[in-house]
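Undergrad: Based on what follows, work out the 3D shape:
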Amino acid sequence: MPRRICFALILLALLPPLHAQSSDNSLSEAEVEQLRESAYFPRDRVLVFVKFLDERSNALHELFAHPRRPGREQDAHDLLEQFASIADELEDNLDDYGTRHSDIRKSLPKLLEATDRWSSTIKSPPDDEAYNVSRKLALEAIRDLREDATELIASQKAWFAAHPPAKEEKNGAIDIPR
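TA: Have a look, this model is predicted:
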């Protein structure tokens with residue numbers, strides 16, 4: 001009997017941390033794995049984030065392209081929250097890559113181009129109280145991404161003009177000190 005009580009107490013103690021780890025479901029396990037695989041290649045990682053945001057944007061567009069169905073507003077709310085969460089994560093990565101002077105010059109123009117596309121897609125659904133706040137947060141995240149990418153293009157251009165990369169760095173992998 002004391003063993004069962006002890007076991008039950010241990011399980012109860014572990015439940016809050018387990019619940020806290022699963023609270024952010026904006027990325028699927030496959031998407032998380034893609035991010036892990038691209039972790040050492042900043043240029044590729046930015047493009048993976050762009051792909052995920054494109055998928056959310058396209059799903060939102062498809063949601064309103066078809067006749068209305070029950071739950072559409074909640075689905076739009078969820079997609080917009082996922083979009084904002086992923087965009088915030090990308091912004092954190094851009095900040096990190098900027099301070100480390102990671103070479104992401106080739107992926108930044110693609111990101112800038114995508115921000116215009118995302119912005120128009122997110123503005124297109126009609127106003128609804130169910131997702132207006134989420135839409136506003138997603139649009140702010142897009143605006144922040146656009147500002148960061150614009151600043152990074154200028155700073156990377158200046159940095160790499162003064163510090164040209166070595167010829168053997170074709171993939172742009174991150175150096176990990178050992």
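Undergrad: ok now do Gln82, which residues does it touch?
TA: Gln82 sits next to Ser26, Leu27, Arg56 when contact means CB atoms under 8 Å, 6 or more residues apart in numbering. C-beta here means a position set from N, CA and C on the backbone, and glycine is covered the same way.
Undergrad: Neighbours of the first one, how many?
TA: Just to be clear, that refers to Ser26. 18 (other CB atoms under 10 Å).
Undergrad: if I look at it, how far off is Ala76?
TA: Between Ser26 and Ala76 the computed distance is 15 Å (CB to CB, to the nearest Å).
Undergrad: Check the last one too.
TA: Between Arg56 and Ala76 the computed distance is 11 Å (CB to CB).
Undergrad: more neighbours, the two?
TA: Using other CB under 10 Å as the criterion, Arg56 and Ala76 rank with Arg56 on top: 24 against 21.
Undergrad: on that earlier part again, could the contacts of Gln82 go into TSV alongside pLDDT and distance to Glu33?
TA: Below are these laid out as TSV (pLDDT from 0 to 100; distance: CB to CB, whole Å):
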residue	pLDDT	distance to Glu33
Ser26	91	15
Leu27	94	10
Arg56	98	18
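Undergrad: closest to Glu113 among the residues you listed?
TA: Proximity of these to Glu113 (CB to CB) peaks at Arg56, which lies at 16.7 Å.
Undergrad: residue nearest the centroid of the protein?
TA: Ile86 (2.4 Å; CA atoms, centre = their mean).
Undergrad: Checking that one next. Helix, strand or coil?
TA: Using DSSP: H, G, I helix; E, B strand; the rest coil, the structure places Ile86 in helix.
Undergrad: who's in contact with it?
TA: Counted by CB under 8 Å, 6+ apart, Ile86 has contacts Ser26, Leu27, Phe49, Phe52, Leu53, Arg56.
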